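# The following comprises the amino acid sequence and a computationally predicted model.
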Amino acid sequence: MLGPFEDFATRYYWTRVMPLKCCGCFNNHHGSGVACLIWAGFSFYFAVLSFMNRSPFFSYLHEVPLIVFGVVNLIFGVVSVAGFIVVEVMPSFPRVRSMVHAIGVTAAIVLIDVLVNFIIFIVNPGAFRNWCINDVRTSVQHAVGNGTTVASDQDYYNCDRLFNDQVKWSLICVFAMYIIYIHWMLVFASFAGTSFIIVPPHVAPPPAPVNAVPPPAPAPAAEMANMPPSGKNIIEFSNLRPQRSKSNIKDIQLLSMLGVELSEDGRVVHLSPPPSDMEKGYGKYAS
């Protein structure tokens, strides 16, 4: 049965979009595999030389730093081979992520050990000079074979110049290793971070809708056809003139008798004097 971590890993799938190319030549998928192969080759080579009490950068170095350098590179070589298998054979996000951590830690240890060995080398020029003079003197005496002795306190063999040259060479190698190793570590980390996408787990389907009670049928409309309209309920507001009460009519008649003419809106339009008694036909002397 798969654990939660493996089950979580199944939710990751490849993405077709690749980031920047490794060294300008390979995409980060195959570039990570190539980097692991080159790492493994260099690491095993450095480990073999160290176990043979030799260094790829220095002509002479103490035995203890060489053994430590060999062990560290051997471990890093094994991790690099495992990284190549994971990247090219069975890539999955959890495995690649674990290999990123493993390669990052072991590569950092290798780079730190290289820097420590460089510091140990440059702070002990006397030890290198003694080794150089003794080694060359032994070689010369063995080649001559006449028992000639050479003083070991004088630099007849340009050991100081050789030391300065090896300091420059080892410094260039240290810078090159830092640049290349860090670039490949970033390529590997970029591959792990951008070449997988997370797919959310399947969500359970929503529950089936509950059978709701159907809405009641609408009430039938009342039939109003063929029914005469009721006159009492009809109110007409168009073209109606305001009604005048009887009192208003009497007032208007009285005003007309007095000679006052009103307009439709109730304003006084004309005012004439009232008629005399003679005009009315019943004067003072009428019979």
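Everything's here; your move. Numbers count the residues shown, from 1 in each chain.
# can you give me the helices for the stretch 51-200 of the chain?
For the stretch 51-200 of the chain, the helices defined by DSSP state H, counting those that start in this stretch occupy 63-88, 93-122, 125-144, 159-194.
# Measure how the second one sits relative to helix 63-88, angle-wise.
This points to helix 93-122. Relative orientation of helix 93-122 with respect to helix 63-88: 160 degrees, computed using axes from the mean of the first three to the mean of the last three Cα atoms, to 10 degrees.
# What are the buried residues along helix 93-122?
For helix 93-122, the neighbour count (16 or more other Cβ atoms under 10 Å) marks 93, 95-97, 99-100, 102-103, 106-107, 110-111, 113-114, 117-118, 121 as buried. For every residue, glycine as well, the C-beta is placed using N, CA and C.
# what's the most buried one of the helices of the stretch 51-200 of the chain?
With neighbours taken as mean count of other Cβ atoms under 10 Å, the helices of the stretch 51-200 of the chain reach their highest mean count in helix 63-88, at a mean of 19.
# tell me the angle that one makes with helix 159-194.
Helix 63-88 runs at 30 degrees relative to helix 159-194, counting by the same axes, to 10 degrees.
# Include distance to His30 and mean pLDDT when you put the helices of the stretch 51-200 of the chain into TSV, please.
Below are those laid out as TSV (distance: least, Cβ to Cβ, whole Å; pLDDT from 0 to 100):
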stretch	distance to His30	mean pLDDT
helix 63-88	8	90
helix 93-122	14	88
helix 125-144	42	75
helix 159-194	9	84
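# Now render those helices as a markdown table, adding distance to Ser50.
Shown next, in a markdown table, are the helices of the stretch 51-200 of the chain (distance: least, Cβ to Cβ, whole Å):
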| stretch | distance to Ser50 |
| --- | --- |
| helix 63-88 | 3 |
| helix 93-122 | 10 |
| helix 125-144 | 17 |
| helix 159-194 | 15 |
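# Out of those, which is closest to Phe57?
For Phe57, the closest of those is helix 159-194, at 4.4 Å, according to Cβ to Cβ.
# Mind giving me the packing neighbours of that closest one?
Secondary-structure packing of helix 159-194 (3 or more Cβ pairs under 8 Å, 6 or more residues apart in numbering; DSSP states H and E): helix 28-51, helix 93-122, helix 125-144.
# what would those helices look like in JSON lines with distance to Asn73?
As requested, the helices and strands packed on helix 159-194 are exported to JSON lines (distance: least, Cβ to Cβ, whole Å):
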{"stretch": "helix 28-51", "distance to Asn73": "4"}
{"stretch": "helix 93-122", "distance to Asn73": "6"}
{"stretch": "helix 125-144", "distance to Asn73": "22"}
